[in-house]
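[1] Using only what follows, build the 3D model:
(chains A and B)
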Amino acid sequence: KAGVTQTPRYLIKTRGQQVTLSCSPISGHRSVSWYQQTPGQGLQFLFEYFSETQRNKGNFPGRFSGRQFSNSRSEMNVSTLELGDSALYLCASSLVISGDNTGELFFGEGSRLTVL
Amino acid sequence: DQQVKQNSPSLSVQEGRISILNCDYTNSMFDYFLWYKKYPAEGPTFLISISSIKDKNEDGRFTVFLNKSAKHLSLHIVPSQPGDSAVYFCAASSHGSSNTGKLIFGQGTTLQVKP
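    Residues are numbered from 1 along each chain as shown, chains lettered A, B, ... in the order given. Presented below is the predicted three-dimensional model:
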């Protein structure tokens, strides 16, 4: 069974640009969550998508957005990049039964974004 | 506001001995707790979890203890092996459809197991 796949693995952008990251969840997993990992802040929740709808959002500015497609694949977008957006962006998928997650998230290897 | 805290950034133990990683939380609404392990250049992998209706859960060498009154949980690894060297994250969530998929993570504890 294939795991969570994130692309690209590494990317470098400059301030003011925008970036789109992609995530393919484990087959059958309908919930996709995104997290930002930085050395100072640890892992912070960005948002969660289920059935193409955002149903949870963390405390990040509106420059951070996402979407989910009918095949459960998800993308996140960061516009007007700032130096502080440099981080590892992790996607996680989980199994949903009767509307509730089972609690265990399966993470991808992450997309390492560097903003210059 | 750090709702989940791992106060020890690092821990070093000898192979074969017990490793104890600690985690404190402040939100009394949390009812599900998990531990994840992370190697460099990899995503976190699920290790073990515990529901608030239990005070202990065991899986092989890994045991998680939950003390709800103290809002404290700990992960015990016995015996510790060099392959256990990684960053360990404690995470918590409030179950229910409105909060699924959202975990609040601690800052992580780097465990080094020396041969």
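[2] For residue B:41, which residues are in contact?
    Residues near residue B:41 by Cβ atoms under 8 Å, 6 or more residues apart in numbering or on different chains: residue A:109. (Glycine included, C-beta is placed from N, CA and C.)
[3] Need phi/psi at it.
    phi 60, psi 20 (degrees, to the nearest 10).
[4] could you show me where the strands are in chain A, in order?
    Using DSSP state E, the strands of chain A run over residues A:5-7, A:10-13, A:19-24, A:31-38, A:42-50, A:53-57, A:64-68, A:74-78, A:87-94, A:96-97, A:100-101, A:106-107, A:111-115.
[5] ok, residues contacting the first one?
    In other words, strand A:5-7. A:21-24, A:89-91, A:108-111.
[6] hmm, 6 Å instead?
    Residues from elsewhere that reach strand A:5-7 (Cβ atoms under 6 Å, 6 or more residues apart in numbering or on different chains): A:22-24, A:91, A:108, A:111.
[7] circling back: any chance of the strands of chain A in a markdown table, plus distance to residue B:47, mean neighbour count and mean pLDDT?
    Formatted as a markdown table, the strands of chain A follow (distance: least, Cβ to Cβ, whole Å; neighbours: other Cβ atoms under 10 Å in any protein chain shown; pLDDT from 0 to 100):
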| stretch | distance to residue B:47 | mean neighbour count | mean pLDDT |
| --- | --- | --- | --- |
| strand A:5-7 | 21 | 17 | 97 |
| strand A:10-13 | 27 | 13 | 96 |
| strand A:19-24 | 22 | 20 | 98 |
| strand A:31-38 | 17 | 24 | 94 |
| strand A:42-50 | 15 | 23 | 92 |
| strand A:53-57 | 23 | 14 | 89 |
| strand A:64-68 | 27 | 19 | 97 |
| strand A:74-78 | 25 | 21 | 98 |
| strand A:87-94 | 14 | 25 | 94 |
| strand A:96-97 | 21 | 12 | 65 |
| strand A:100-101 | 17 | 21 | 50 |
| strand A:106-107 | 12 | 20 | 92 |
| strand A:111-115 | 23 | 18 | 97 |
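[8] List the beta-bridge partners for residue B:5.
    Judged by DSSP bridges, the bridge partners of residue B:5 are residue B:24.
[9] residues near it, how many?
    16 (other Cβ atoms under 10 Å in any protein chain shown).
[10] Just send the strands of chain A back as JSON lines, with distance to residue B:17 too.
    Shown next, in JSON lines, are the strands of chain A (distance: least, Cβ to Cβ, whole Å):
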{"stretch": "strand A:5-7", "distance to residue B:17": "36"}
{"stretch": "strand A:10-13", "distance to residue B:17": "37"}
{"stretch": "strand A:19-24", "distance to residue B:17": "39"}
{"stretch": "strand A:31-38", "distance to residue B:17": "29"}
{"stretch": "strand A:42-50", "distance to residue B:17": "27"}
{"stretch": "strand A:53-57", "distance to residue B:17": "40"}
{"stretch": "strand A:64-68", "distance to residue B:17": "43"}
{"stretch": "strand A:74-78", "distance to residue B:17": "42"}
{"stretch": "strand A:87-94", "distance to residue B:17": "31"}
{"stretch": "strand A:96-97", "distance to residue B:17": "39"}
{"stretch": "strand A:100-101", "distance to residue B:17": "35"}
{"stretch": "strand A:106-107", "distance to residue B:17": "29"}
{"stretch": "strand A:111-115", "distance to residue B:17": "34"}
